[in-house]
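K.L.:
With the sequence up front, the predicted model follows.
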Amino acid sequence: MAQLLLEIVTPDKLVLSHSVDYVGAPGLLGEFGILPNHIPFLSALGIGSLMYKMSGKNHFVFVSGGFAEVSGNKVTVLAEVAEKPEDIDVERARKAQERAKARLDKAQENIDFARAQAALQRSILRMKVRDAA
Amino acid sequence: MPALKDVKVKINAVKKTKQITKAMNMVASAKLRNAQARIERFRPYADKFYEMLGDLAKGADPSVHPLLEPHAEIKTVLLVVITSDRGLCGAFNNNITTMAQKLARKKAAEGKTVKVVCVGRKSRDSFRRSEFEIVQAYVNEMNAFDFTLATRIGAEVIGGYVGGTYDEVVMCFGKFISLARQEPTQLTVLPLSPEEQADAPKEAGGGLEYIYEPSVEGLLAELLPRFINVQLYRGLLDTSASEHAARMRSMDNATRNCDDLVSSLTLVYNKARQAAITKELMDIVGGSEALKG
C-alpha cells in the first residue's frame, strides 16, 4: 500500500520525517484525516494534537500555529511549535495551566482574555498528548 | 632604555590579554557554528513558507488583506534595527547603526516621521542619542533568543501597520554572507512586495489545483502575519551569526597584535638586559683597572 511521507518542520528544526499510513490533523475548521493518494490540499492548523499511524501504532505530536500541505504523497506541516510527547515539559505545561486558569478566574476586564484562553488550551492539549503516548 | 622590570610587567600584561582574546575567539567560533546550524535548520521552514505564500499570493489581489495593501501616503516609517548586545566585534555594530541612522535621516528629510524598534543594546544606545523616538527596545535578548522574540517584535510591527500607525517598515540587520563578509542590509518588511515573494523557489506544484481550507483569504490572513515573523527571525539569525563571525575575526586580529607586541617588547627587553650586562662589565673592568693602580 502506498504510504505518506510526513514532515513536520518548525523554525528551529525538522521535528520528524517518517513514512506513515495515515495523518489526522487539527484543522482550523475541524479535524481532518489524510490517507495516501489524497488530492492536493492546503489548510491552516489550530492548536491540538496531530496523529499519525505508523506500522499499526498511533503516534501523537502537539502542534500550534501551523499549516499543513498535502501534495503528491507528501504531507508537510509547518508549525511554530511542534513537540513530540517525549519532548513535552509536563511541569511547565501544568504551571502554565494554573497561571492561565488563575487569570481567567479573576476575569478582570483588562486581561487579555483570548490570550489566556489560548494559553490554557495549549497547556491542556500538551498534557493530553503527553498522556496519550 | 626603559627599566627591565617595567618591560617584563608589560610583556606579562600583553600575554594575559592574549589569553583572553584567544579564549573569546574560540568562544565566538563555537557560537558561530551554533548560529550557522540554526540558520541551516531554519531554511527548510523558510523555503517551504515562501513556496506556500508564493502559490497563494499569485491569485490573490492586494485588497484581500491589510498587510498586502500599501498605504496611500507614507507618513510614518518604522525602522527595526537589529544589532548585538555586546561589543568587541570590530565595526560590526557600528556599520549597522550608521546605516540605520543615515536611512532615518533620509526619511526624516523627506518629511516623514521616523520611529525605531531597537533590538540589541548597541542599537538602543545609538538611537538613544538621536532625535528619533524609540518605540520598543529589546536588550539582552540576542544572547539566547528563539522564534518567540520574532513573534513579539512582529506583533508590534503588524499591529502598527494594520492600525495605521506605521506606513512603512524597514528592517536593518547584519546579513551573514560568509565568515569574512557581513553586510549591513536593509529590507523593506512592509508593505509586502509581490516581486519579492515571486523570486521564491518555485517547485512544480504541477499546476494542480489545491483545495484550500479555510478560503484563500482566510489562509492569507493566517500566513501573512507569520511571514513577517519569518522575515524578522531571519534577520535575527543572520545578525547573530554575523556578530559571532565579526567577533571571531576581530579577536583573531587582536591575538595576532598581541603576538607582535610581545615579540617587539621582548626585543626591547633583551636589548635592555644586554645594555645592563654591558654596563656592569664596564664597571667591573673599570674597577679592576683602578685597583691595579
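P.N.:
All right, it came through fine.

K.L.:
for chain A, where's the lowest mean pLDDT among helices and strands?
P.N.:
The helix or strand with the lowest mean pLDDT-type score in chain A, counting by mean pLDDT, DSSP states H and E, is helix A:113-132 (a mean of 76).

K.L.:
buried stuff in that helix?
P.N.:
For helix A:113-132, a neighbour-count test (16 or more other Cβ atoms under 10 Å in any protein chain shown) marks A:116, A:119-130 as buried. No exception for glycine: its C-beta is placed from N, CA and C like everyone else's.

K.L.:
With stretch B:69-80 instead?
P.N.:
Buried residues in stretch B:69-80 (16+ other Cβ under 10 Å): B:Ile74, B:Thr76, B:Val77, B:Leu78, B:Leu79, B:Val80.

K.L.:
one step back: can I get the buried residues of helix A:113-132 in JSON lines including distance to chain B?
P.N.:
Rendered in JSON lines, the data for the buried residues of helix A:113-132 read as follows (distance: Cβ to the nearest Cβ, whole Å):
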{"residue": "A:Ala116", "distance to chain B": "16"}
{"residue": "A:Ala119", "distance to chain B": "13"}
{"residue": "A:Leu120", "distance to chain B": "18"}
{"residue": "A:Gln121", "distance to chain B": "17"}
{"residue": "A:Arg122", "distance to chain B": "13"}
{"residue": "A:Ser123", "distance to chain B": "16"}
{"residue": "A:Ile124", "distance to chain B": "20"}
{"residue": "A:Leu125", "distance to chain B": "18"}
{"residue": "A:Arg126", "distance to chain B": "16"}
{"residue": "A:Met127", "distance to chain B": "21"}
{"residue": "A:Lys128", "distance to chain B": "23"}
{"residue": "A:Val129", "distance to chain B": "20"}
{"residue": "A:Arg130", "distance to chain B": "21"}
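
K.L.:
Is it correct that A:Arg103 is in contact with A:Gln117?
P.N.:
No - at 9.3 Å, A:Arg103 does not count as touching A:Gln117 under the criterion of Cβ atoms under 8 Å.

K.L.:
ok, which stretches of chain A are helices?
P.N.:
Using DSSP state H, the helices of chain A run over A:90-106, A:113-132.

K.L.:
Ok, chain B next?
P.N.:
Here chain B has its helices, by DSSP H, at B:4-59, B:92-109, B:121-128, B:147-162, B:194-198, B:216-292.

K.L.:
how far off helix B:216-292 does the fourth one point, in degrees?
P.N.:
Computed by axes from the mean of the first three to the mean of the last three Cα atoms, to 10 degrees, the angle separating helix B:147-162 from helix B:216-292 equals 120 degrees.

K.L.:
where does chain A come near chain B, residue by residue?
P.N.:
Remark: the part of chain A in contact with chain B comprises A:9-14, A:27-29, A:32, A:39-44, A:65, A:67, A:69, A:71, A:76, A:78, A:80, using Cβ under 8 Å from any Cβ of the partner chain.

K.L.:
Can you say which of the residues you listed are buried?
P.N.:
A:9-13, A:27, A:32, A:41-44, A:65, A:67, A:69, A:71, A:76, A:78, A:80.

K.L.:
Quick check, pLDDT for the nearest residue to B:Gly164 once chain neighbours are set aside.
P.N.:
Spatially, and ignoring its direct neighbours in sequence, B:Gly164 is nearest to B:His71 (7.4 Å; Cβ to Cβ, 6 or more residues apart in numbering or on different chains). With respect to pLDDT, B:His71 scores 81.

K.L.:
residue contacts, B:His71?
P.N.:
Neighbouring residues of B:His71 by Cβ atoms under 8 Å, 6 or more residues apart in numbering or on different chains: B:Gly164, B:Asp167, B:Glu168, B:Pro191.

K.L.:
Looking at those, which one is closest to B:Thr266?
P.N.:
B:Glu168 (57.9 Å; Cβ to Cβ).

K.L.:
For that closest one, give the beta-bridge partners.
P.N.:
Here B:Glu168 shows beta-bridge partners B:Val77, assigned using DSSP bridges.

K.L.:
Pretty sure it sits against B:Leu190.
P.N.:
Yes - B:Glu168 is in contact with B:Leu190 according to Cβ under 8 Å; the separation is 6.6 Å.

K.L.:
Identify the structural domains in chain A and state their residue ranges.
P.N.:
Chain A breaks down by automatic domain parsing into domains covering A:4-85, A:88-132.

K.L.:
For B:Ala46, which of the ones you listed is the nearest?
P.N.:
Evaluated over the domains of chain A, closeness to B:Ala46 peaks at domain A:4-85, with 8.0 Å, by Cβ to Cβ.

K.L.:
got the end-to-end distance for the closest one?
P.N.:
Criterion Cα to Cα, to the nearest Å; first-to-last residue distance in domain A:4-85 is 21 Å.

K.L.:
Name the single longest strand found in chain A.
P.N.:
Longest strand in chain A, counting residues (DSSP state E): strand A:57-71.

K.L.:
okay, and the helix or strand of chain B with the least pLDDT?
P.N.:
In chain B, no helix or strand scores lower on mean pLDDT, DSSP H and E than helix B:194-198, which sits at a mean of 49.

K.L.:
Now for the residue sitting nearest the centre point of chain A: which residues touch it?
P.N.:
Nearest to the geometric centre of chain A sits A:Val63, at 2.3 Å (Cα atoms, centre = their mean). A:Val63 makes contact with A:Ile8, A:Ala25, A:Pro26, A:Leu45, A:Ile47, A:Gly48, A:Ser49, A:Leu50, A:Val77, A:Ala79, A:Val81, A:Ala82 under the criterion Cβ under 8 Å, 6+ apart.

K.L.:
Compute the number of surrounding residues for the nearest residue to A:Pro11 once chain neighbours are set aside.
P.N.:
Using Cβ to Cβ, 6+ apart and skipping the chain neighbours, the partner closest in space to A:Pro11 is B:Phe147 (4.5 Å). Number of residues near B:Phe147 (other Cβ atoms under 10 Å in any protein chain shown) recorded here: 22.

K.L.:
Distance of B:Phe147 relative to A:Gly66?
P.N.:
According to Cβ to Cβ, to the nearest Å, B:Phe147 stands 12 Å off from A:Gly66.

K.L.:
what do these two both touch?
P.N.:
Taking Cβ under 8 Å, 6+ apart as the contact rule, B:Phe147 and A:Gly66 both touch A:Glu80.

K.L.:
for B:Glu133, which residues make a bridge with it?
P.N.:
Beta bridges link B:Glu133 to B:Lys115 when assigned by DSSP bridges.

K.L.:
what separates it from chain A, distance-wise?
P.N.:
According to Cβ to the nearest Cβ, to the nearest Å, B:Glu133 stands 25 Å off from chain A.

K.L.:
That residue contacts B:Val116, doesn't it?
P.N.:
Yes - using Cβ under 8 Å, B:Glu133 makes contact with B:Val116 at a distance of 6.9 Å.
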